[in-house]
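Chemist: let me see the structure of the following:
(2 chains)
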Amino acid sequence: MATLILKPTEACNAACVYCEVDRKGWRNARIMPAGILERMFVRIDEFLRERPAEHLEIVWHGGEPLLLGPEYFDKARAFQDRHCAATAGRIRHTIQTNLTLLTPAHVAALRRLGMKSVGTSYDPVAGVRLLKKGDDGTAYNRAFLDAVALLEREGFRWGVICVVTRLSLARPLEIFHFLTNLAGDGGLMFNPVNVDKPEHDRLRITPAEFADFLGAIFPQWWAHRDRYGRVEPFRSLIDALLSEDQRTHYCQDGGNCADTHFNLGPGGRWSHCGRSADWGQLDYGTIFERSIAEVFADARREELRRRNEILFGGDCRGCPWWNVCHGGCPLDGFMNTGSFSGRSLWCEARSRLIERYVVPVARLNERICAPTA
Amino acid sequence: MTRLVCPEVLIDRLEGRSLCVRVDSPDRIVEAADRARRRSPWTCVICDSAVPLDEINPEETWRGIAIALMAPSIGRFRNLASRLELLRGLGLRVFLPGEGENLAAARLLASVGISVTVTFDGSADWEALADLMTYALIGPVRHAPVEPFETMAACYRSAARGEDWGRAWFDDPSRYLHLDAAGRVALTRRELLDGRFVADGISNLDSDEVKEAVEARNQAWRELFAQDHVCARCASWRICGARFAASAPDGCAAFFDETTQIIERRRRTGPARSWQP
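Modeler: Next comes the predicted model:
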């Protein structure tokens, strides 16, 4: 399965305290013109025709994709119908949205694109999720909670990402229960905040703090894991620890994103993924110059492909948890070391979580599979 | 179909509706049931008794009538002993306030095959209730159902939001609406007693107003998340659904956590086998 992280806009209606949108001046950023959107489906059809066994997931991302309005999604559907008549069955749409702009018309448009579930993000911590800088977050929370109610009325499922900041650290279990109570059968994933500006230092957490935050939740999840929907990183951690199959479910840990992920920005530039596009890295040219096959064949992906080999024999040599993270996200590795072949800063969080919490609590010692290159 | 909990005086005006007719004396049970059955597809009788169960004389004519008998207590068990056979053979469920000796009495009734429901609010003796709940759900001796615990177990969902178990107390607006003698409509018995109505007459029973009020009540739990209420962050929310949020109860979380674990244990191991020496 190939995954296209589609950023039809980098603008966002929200002002979450840790987000880069404001900092990068994207609030009024442009929307991908119809010509580029149409071209994208031409490229997708071409790619899928060349690879009859391939499937493609389009992740509508941003910025905030609901800013586009329902008509934009309908336009996408029309382009898909026009250009992907023979390949549409192998295209799947998903979306990552803050939901605060959701309307019934959006829901209908998403349904017409074949979506039945929505990915969102939420942090039940005061002063983090805001619609306007300096507000108290009430408006954001209301809009979000109304939106999930709407989704459920419309028969959509939804899962949520929670970004762990310093403001979250004091109450891991409360946050866990809040989100699993609210989401019902939906999935939940905890991600650490990435802070690269001094003014956001009050939000910064260390890998050890992230591990301890998760470690405070893990015993509850493990003891009662049947009660909750999919909770990450726990589920995939356990699967990866107990399985020789190196596939993991999330791009940052699979060690294979060189062959699975690509990104298209609002101006029609290809990049490797959403993060590389945000950080101005791994630019693969424009949609008018290069096909998707050419994007996957770009020479710069070679470094990403060699990354596993380099890390397995280098920085990660002998690490018993290699199967779990494969050195983590290459972009995190780049941020940590200046090289895409560097190890992620968050490796320390993984190993601490596993060694201090997961293995002892779940008593996995004798069942863990040996690392394989 | 929504069932209407109504006084006898409304029976004739509610033809074709599913009714739970409320009477204030055991003497009224048979007549109320007869009248309601002639007009309603589904009927039960709720009898509010001011006297303990041992002072009520059940009658053969009660057979075939679904009766919710709300008594303040069971009185003296020895006075009931001669009526047990009849009580067991009736479609009777005894409702008791879940406090003091009633908790032991509920177990006693269940143990002799009489269905029982205990009612409680946020000020309950959670420790004592936990004992009764454990007996009800995994007690290894044969007994009649003890509610609301059986309904809690049926409504609980793994990895999903559960259903409202308030139906065991006729307290679930999506299943039961409560009418006073004037035909005014309330969402719960408590709200009826407090004079909080969502419609002012029978003619408005099917109105959008009522439907919207029911829907709003069904979604009211979401407000707790907007308020960041302590119940929204509680490990036991999945089973209690914040039923007692308004009364700021103390100790309910531990009770519902234990209940959840007992339900999960019962699902894993199946119903308890009857113990025998």
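Chemist: can you tell me how far the spatially most central residue of chain B sits from chain A?
Modeler: Chain B has residue B:169 as the residue nearest its centroid, 1.9 Å off, counting by Cα atoms, centre = their mean. With distances defined as Cβ to the nearest Cβ, to the nearest Å, the gap from residue B:169 to chain A amounts to 23 Å. Every residue, glycine included, has its C-beta placed from N, CA and C.
Chemist: was I right about that residue contacting residue B:148?
Modeler: Yes. Counting by Cβ atoms under 8 Å, residue B:148 is a contact partner of residue B:169 at 6.3 Å.
Chemist: give the residues shared as contacts by these two.
Modeler: Taking Cβ atoms under 8 Å, 6 or more residues apart in numbering or on different chains as the contact rule, the neighbours common to residue B:169 and residue B:148 are residue B:117.
Chemist: tell me the pLDDT of residue B:241.
Modeler: At residue B:241, the model reports a pLDDT of 89.
Chemist: next, count neighbours for it.
Modeler: For residue B:241, the tally of surrounding residues (other Cβ atoms under 10 Å in any protein chain shown) stands at 22.
Chemist: what distance do you get for residue A:168 to residue B:8?
Modeler: When Cβ to Cβ, to the nearest Å is the yardstick, residue A:168 and residue B:8 sit 57 Å from each other.
Chemist: which one's more surrounded, the two?
Modeler: Between residue A:168 and residue B:8, counted using other Cβ under 10 Å, residue A:168 has the larger neighbour count: 24 against 18.
Chemist: up against chain A, what does the stretch 151-277 of chain B have?
Modeler: Taking Cβ under 8 Å from any Cβ of the partner chain as the criterion, the neighbours of chain A within the stretch 151-277 of chain B are B:158-161, B:219, B:222, B:225-226, B:228, B:232-235, B:237-238, B:260, B:264.
Chemist: excluding residues flanking it in the chain, which one is nearest residue 196?
Modeler: Just so you know, I chose chain A. Counting by Cβ to Cβ, 6 or more residues apart in numbering or on different chains, residue A:335 is the residue found nearest to residue A:196 once chain neighbours are left out, at 7.6 Å.
Chemist: wait, I meant chain B there
Modeler: Using Cβ to Cβ, 6+ apart and skipping residues adjacent in sequence, the residue nearest residue B:196 is residue B:186, 6.1 Å away.
Chemist: what residues are bridge-paired with that neighbour?
Modeler: Residue B:186 forms beta bridges with residue B:178, as assigned by DSSP bridges.
Chemist: number of residues surrounding it?
Modeler: For residue B:186, the neighbour count with other Cβ under 10 Å is 22.
Chemist: same deal with the one 4 residues further on?
Modeler: For residue B:190, the tally of surrounding residues (other Cβ under 10 Å) stands at 12.
Chemist: are any of the residues of the stretch 151-277 of chain B next to chain A buried, and which?
Modeler: Of the members of these, the ones counted as buried by neighbours, 16 or more other Cβ atoms under 10 Å in any protein chain shown, are B:158-159, B:161, B:222, B:225, B:232-235, B:237-238, B:260, B:264.
Chemist: farthest pair within the residues you listed?
Modeler: Of all pairs drawn from those, the one with the longest distance (Cβ to Cβ) is B:222 and B:264, at 25.6 Å.
Chemist: which residues of chain A lie near chain B?
Modeler: Proximity of chain A to chain B is confined to A:124, A:126, A:141-142, A:145, A:149, A:171, A:173-175, A:177-178, A:181-182, A:184-185, A:220, A:224, A:226-229 under the rule Cβ under 8 Å from any Cβ.
Chemist: give me the pLDDT value at whichever residue of the stretch 251-373 of chain A sits closest to chain B.
Modeler: At 16.8 Å from chain B, residue A:361 is the closest residue in the stretch 251-373 of chain A, using Cβ to the nearest Cβ. With respect to pLDDT, residue A:361 has a value of 92.
Chemist: then it would be within a helix, right?
Modeler: Yes. According to DSSP: H, G, I helix; E, B strand; the rest coil, residue A:361 belongs to a helix.
Chemist: what about it, neighbour count?
Modeler: As a burial measure, residue A:361 scores 15 neighbours (other Cβ under 10 Å).
Chemist: residue B:12 too?
Modeler: Neighbour tally, residue B:12, other Cβ under 10 Å: 11.
Chemist: for the chain, where's the lowest mean pLDDT among helices and strands?
Modeler: Since no chain was named, I'll use chain A. Least confident helix or strand of chain A, by mean pLDDT, DSSP states H and E, is helix A:251-254 with a mean of 82.
Chemist: meant chain B actually
Modeler: Between all helices and strands in chain B, the lowest mean by mean pLDDT, DSSP H and E belongs to helix B:237-240, at a mean of 91.
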